[in-house]
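A.B. asks: Got a sequence here, can you build the structure:
(one chain, ligands or ions: 1)
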Amino acid sequence: MELILYYMPGTRAERIRWILKELDLDYRIETIDLFKGEGQRADYLAIHPLGQLPALKVDGEVMFESGAIVQWLAESVPGSNLAPAPDHSARRAFNQWMYFAVTSLETPAWEMMLHGSILPDKQAVKAIVPFAEQRYVLALGVLEKAVQGQDYLVDGRFSAADIMVGYILAWFPELLVPYPGLQTYLARLKQRPAYPRAPNEGL
Ligand SMILES: N[C@@H](CCC(=O)N[C@@H](CS)C(=O)NCC(=O)O)C(=O)O
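C.D. replies: Okay, here's the model as predicted:
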């Protein structure tokens, strides 16, 4: 299988790099520098119509949406062990946390990021930030309970759901202070050799 990952450090493409490494798959990286506007280049828009990262080319065919890519890899790579089988009872928890990651957790976190620090003042709607933080903290409380008594979210075993959730938890480490279970959980994820390192840590 020929895999090309469209990537820039520090973006959601890290999720894909993380799972590719967990699965010990060979892949090629094509760097798209969003800061230089390369996402909007015509040749890249032909890959990802929104000009976003990540995208993954699989044997010449492109797929985008980080959650869908992570799930597809977890389910399709022989021997992956990163997703319970569809008929396994743990599949319900798996689906739940995969969707929770990109909706209940990521949406408020992304609003905080966008309107708190990424967008220029004339575009940012600062009033959104405290409301988004309130919803993000509620989601953290749910996750704190979910990791009580187990190392990972689904059946106590590492799965693609931990990649989806763990990537977001690292965005605001200061908000994890009241959640000792989540701090331990994130520290456990960071110990995995495939966990994304900051660019200056030799990713
Ligand atoms: N739901 C998409 C979100 C992709 C996304 O927003 N990626 C960011 C980088 S982390 C991006 O490419 N932003 C540039 C843009 O929106 O133009 C996914 O998970 O793949």
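
A.B. asks: For this structure, what lies in contact range of the ligand?
C.D. replies: 11, 12, 34, 39, 51, 52, 53, 54, 65, 66, 67 (Cβ under 6 Å from any ligand atom). C-beta here means a position set from N, CA and C on the backbone, and glycine is covered the same way.

A.B. asks: all helices of this structure, in order?
C.D. replies: 13-22, 42-45, 66-76, 90-100, 106-113, 128-146, 160-169, 180-190 (DSSP state H).

A.B. asks: Quick check: residue 82 touching residue 22?
C.D. replies: Yes - in terms of Cβ atoms under 8 Å, residue 82 counts as a neighbour of residue 22; the distance is 6.5 Å.

A.B. asks: Dump the residues of the chain next to the ligand to JSON lines, plus distance to residue 94, neighbour count and pLDDT.
C.D. replies: Output for the residues of the chain next to the ligand, formatted as JSON lines (distance: Cβ to Cβ, whole Å; neighbours: other Cβ atoms under 10 Å; pLDDT from 0 to 100):
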{"residue": "11", "distance to residue 94": "24", "neighbour count": "18", "pLDDT": "95"}
{"residue": "12", "distance to residue 94": "19", "neighbour count": "22", "pLDDT": "96"}
{"residue": "34", "distance to residue 94": "30", "neighbour count": "15", "pLDDT": "96"}
{"residue": "39", "distance to residue 94": "31", "neighbour count": "20", "pLDDT": "98"}
{"residue": "51", "distance to residue 94": "30", "neighbour count": "17", "pLDDT": "98"}
{"residue": "52", "distance to residue 94": "25", "neighbour count": "18", "pLDDT": "98"}
{"residue": "53", "distance to residue 94": "25", "neighbour count": "24", "pLDDT": "98"}
{"residue": "54", "distance to residue 94": "21", "neighbour count": "23", "pLDDT": "98"}
{"residue": "65", "distance to residue 94": "17", "neighbour count": "17", "pLDDT": "98"}
{"residue": "66", "distance to residue 94": "16", "neighbour count": "25", "pLDDT": "98"}
{"residue": "67", "distance to residue 94": "12", "neighbour count": "19", "pLDDT": "98"}
